[in-house]
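Asker: Next comes the sequence, and after it the predicted model I'd like to discuss.
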There are 2 protein chains.
Amino acid sequence: MDTTGQYLLGFGIRPSFQRIAIMRYLNHNRTHPTADEIFEVLRKQIPTLSKTTVYNTLKLFVEHGAATYIGIDEKNARFDGHTAPHAHFRCKSCGEIIDLEMDIEKFLPKNFRGKIEDVQFYLKGTCENCNKRG
Amino acid sequence: MDTTGQYLLGFGIRPSFQRIAIMRYLNHNRTHPTADEIFEVLRKQIPTLSKTTVYNTLKLFVEHGAATYIGIDEKNARFDGHTAPHAHFRCKSCGEIIDLEMDIEKFLPKNFRGKIEDVQFYLKGTCENCNKRG
DNA sequence: TTACAAATTTAAATTGATTACAAAGTTAGA
DNA sequence: TCTAACTTTGTAATCAATTTAAATTTGTAA
């Protein structure tokens, strides 16, 4: 059995051909892609692929913890196959989104009495490269 | 001159009738409303109010620092007149968004070489009330 | 005042990401 | 092999947000 298939089974997800392709894309492209970006790339390999399938699959992945939803970009939902807790930075100039490896779970408030299930830490500004260029 | 008008001037925003009404709504309703919610309430007081004006004005407020954009809700943009740094919690059950007063700026990474302009810290889960109800 | 230019507001039309839906195709177990 | 459950597909619909251009209001200078 395919490695990515095993990986999906570990999250309780039945590994279809399309799901494996999308999971593999997420794990090999750490660019925090949108659903549309994934669709446009994978349709070249899977001509029958439907955009609805990409949306359905990404939602399924998020529900099962195999991917995380990233709301740092006001225009589109983005997705991350890197599921260990970390922060994100988005450059307002070039649009690039980069990972910031930090344990954001240690920032949780001590006295909060609800149940916390998701933690997201977003930073926005100008990246080093765009800063140099002016 | 109106207090809210002075407040807007402090951010470099010319205080029109509509802008004062929207700023006043934000400052008196700490519910993190959507543009549509603001529109539906204020149109009762200002029958000629246009939804475009609400969108334009909120964008202007964010650009001038008089309000902050909140992206914790995947469906709609939300806005906060409370501009001092703090975190937000959204209950996935009842949808309520509450402020968590904490100095999120002290969480910034030390070694990051870009310029950080915005910081957002979002928590999602189940609030105390919804938790009790099951 | 009056007149004019700039700023603001408005309503309608459009865009574009996402979802709903129903039909077609696929899978797995009896 | 049969069949029911699951998955994929394409189209249509939804709806927040933006675009656009005309109308209105404001500030200022004559």
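Answerer: Arrived safely, thanks for sending. Remember, it's a predicted structure, so these values are computed and weren't measured experimentally.
Asker: Which helix runs longest in chain A?
Answerer: In terms of residue count, the longest helix belonging to chain A (DSSP state H) is helix A:51-64.
Asker: check whether that one contacts DNA strand D.
Answerer: Yes. For helix A:51-64, a contact with DNA strand D is found by C-beta under 7 Å from any atom of the strand, at A:51-53, A:56-57. Every C-beta, even on glycine, is put in place using the N, C-alpha and C of the backbone.
Asker: Contact partners for A:Leu60?
Answerer: A:13, A:19 (C-beta atoms under 8 Å, 6 or more residues apart in numbering or on different chains).
Asker: Against chain B, how distant is it?
Answerer: With distances taken as C-beta to the nearest C-beta, to the nearest Å, A:Leu60 is found 16 Å from chain B.
Asker: just A:Val119 next, same as before
Answerer: From A:Val119 to chain B the distance is 6 Å (C-beta to the nearest C-beta).
Asker: Bridging across strands, which residues link to that residue?
Answerer: Beta bridges link A:Val119 to B:Leu123, judged by DSSP bridges.
Asker: Same check on A:Cys91?
Answerer: A:Cys91 has these beta-bridge partners by DSSP bridges: A:Gly125.
Asker: who's in contact with it?
Answerer: A:97-98, A:124-127, A:130, B:114.
Asker: And the pLDDT at the most centrally placed residue in chain A?
Answerer: With distances taken as C-alpha atoms, centre = their mean, A:Asp80 lies nearest the centre of chain A, 1.6 Å away. You'll see A:Asp80 listed with a pLDDT of 98.
Asker: rewinding a little: in the residues of helix A:51-64 next to DNA strand D, find the pair that's most separated.
Answerer: Greatest spatial distance among those (C-beta to C-beta): A:Lys51 and A:Thr57, at 10.6 Å.
Asker: Of the two, which one has the most company?
Answerer: A count of neighbours by other C-beta atoms under 10 Å in any protein chain shown puts A:Thr57 above the other of A:Lys51 and A:Thr57, at 23 against 13.
Asker: Check A:Asp2 and give its pLDDT.
Answerer: For A:Asp2, the pLDDT comes out at 81.
Asker: Share the number of residues neighbouring it, please.
Answerer: Count around A:Asp2 with other C-beta under 10 Å applied: 11.
Asker: can you list the residues of chain A near DNA strand D?
Answerer: Taking C-beta under 7 Å from any atom of the strand as the contact definition, chain A meets DNA strand D at A:14, A:16-19, A:46, A:48-53, A:56-57.
Asker: how about the nearest residue to the residue of chain A found nearest DNA strand C, chain neighbours excluded?
Answerer: Taking C-beta to the nearest atom of the strand, DNA strand C has its nearest neighbour within chain A at A:Ala77, 3.2 Å off. Computed as C-beta to C-beta, 6 or more residues apart in numbering or on different chains, the closest residue to A:Ala77 that is not its neighbour in sequence is A:Tyr69, at 6.2 Å.
Asker: quick one: that neighbour from DNA strand D, how far?
Answerer: Between A:Tyr69 and DNA strand D the computed distance is 16 Å (C-beta to the nearest atom of the strand, to the nearest Å).
Asker: Pull out the buried positions in the lowest-mean-pLDDT helix or strand in chain A.
Answerer: Lowest by mean pLDDT, DSSP states H and E among the helices and strands of chain A is helix A:128-133, with a mean of 93. Under the neighbour-count criterion of 16 or more other C-beta atoms under 10 Å in any protein chain shown, helix A:128-133 has A:Cys130 buried.
Asker: pull the CA atoms of it into PDB?
Answerer: C-alpha atoms of helix A:128-133 as PDB (Å, rounded to 0.1, in the frame of the first residue of the first chain):
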ATOM      1  CA  GLU A 128      12.900  40.400   4.500                       C
ATOM      2  CA  ASN A 129      13.200  40.300   0.700                       C
ATOM      3  CA  CYS A 130      10.500  42.800   0.000                       C
ATOM      4  CA  ASN A 131      11.800  45.100   2.700                       C
ATOM      5  CA  LYS A 132      15.200  45.300   1.000                       C
ATOM      6  CA  ARG A 133      13.600  46.100  -2.300                       C
END
